[in-house]
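>>> got a sequence here, can you build the structure:
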Amino acid sequence: MTSFWTGKRVRLRGIEPDDWAAFMGFAVDEERLGDLLNPPRSAEGFRAWAKEQAVAKSDGDCFGLVIEAVDTGKIVGAVSSRHADPRAGRFEYGVTMGARHRRKGYGAEAVGMLLRFMFAERRYHKCEARIFAHNEASLALHRRLGFAEEGRLRDHVFCAGRYHDLVVMGILADEFAQPHSMGELE
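Numbers count the residues shown, from 1 in each chain. Predicted structure coming up:
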């Protein structure tokens, strides 16, 4: 049997100390996309963060994983679950892809694996994602995965000198299960 965390294109794994450079690159890519603008962070800051993440104890169902391409072993992105509320049965998640690795199916497969785990194994009922309205590629990905737009928070985030709308999208466990086998992803 192959690992639950290995698909056709990607393998999800924990963050290792040596992954710091990839995360530093993701921060640059997100800034260029207009999704994040923070003061520059040193390489040593990313090294310390990755080292901390590599040994951090699990925070319930909130965790971050590296997305690795199966064919090359290269880090192509990261996915995380957050704000998990087992009592309410819902969680949020985020995904980031390196600029060179977008639109190759890595993100869709990684998100599908995370959703399958959270819905089938951890028994959550709902997943939410918050996406900048100008990020058409991410909105399209979520629609393809079966997410529905649940609302739009107008001028909700200030970034790069202006306000941006934030689109809240959600998917229920049974909506995810309909087009996707909970045992295997296409």
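>>> which other helices and strands does the helix or strand of the chain with the lowest mean pLDDT contact?
Using mean pLDDT, DSSP states H and E, the weakest-scoring helix or strand in the chain turns out to be helix 20-33, at a mean of 82. Helices and strands touching helix 20-33, by 3 or more Cβ pairs under 8 Å, 6 or more residues apart in numbering; DSSP states H and E, are helix 43-55, strand 75-85, strand 90-97. All C-beta atoms are positioned from the backbone trio N, CA, C, and that covers glycine.
>>> what ranges does the chain have for its helices?
Counting by DSSP state H, the chain has helices at residues 20-33, 43-55, 106-116, 136-145, 173-177.
>>> show me what counts as buried in the least confident helix or strand of the chain.
For helix 20-33, burial by neighbour count (16 or more other Cβ atoms under 10 Å) applies to Trp20, Ala22, Phe23, Met24, Phe26, Asp29, Glu30, Leu33.
>>> picking that back up, the helices and strands packed on helix 20-33: which one's closest to Lys8?
Smallest distance to Lys8 across the helices and strands packed on helix 20-33 (Cβ to Cβ): 13.7 Å, for strand 75-85.
>>> and the closest one, average pLDDT?
Averaged across strand 75-85, the pLDDT comes to 96.
>>> contacts for it next, please.
The contact list for strand 75-85 (Cβ atoms under 8 Å, 6 or more residues apart in numbering) reads 10, 12, 15, 19, 22-23, 26, 60-69, 90-98, 101, 104, 106-107, 110-111, 114, 118, 124.
>>> kindly report the same for stretch 9-20.
With Cβ under 8 Å, 6+ apart as the test, stretch 9-20 has contacts from 3, 5-6, 43, 46-47, 49-51, 53-54, 64-71, 75-76, 78-79, 104-106, 109-110, 113-114.
>>> with only the CA atoms kept, save it in CSV.
The C-alpha coordinates for stretch 9-20 follow below in CSV (Å, rounded to 0.1, in the frame of the first residue of the first chain):
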residue,chain,number,x,y,z
ARG,A,9,1.9,14.2,-8.6
VAL,A,10,2.6,15.3,-5.0
ARG,A,11,3.7,14.0,-1.6
LEU,A,12,2.7,15.9,1.5
ARG,A,13,5.2,15.8,4.3
GLY,A,14,6.2,17.7,7.5
ILE,A,15,8.4,20.8,7.4
GLU,A,16,12.1,20.1,7.7
PRO,A,17,14.8,22.7,8.8
ASP,A,18,16.3,22.7,5.3
ASP,A,19,13.0,23.8,3.8
TRP,A,20,13.6,27.4,4.8
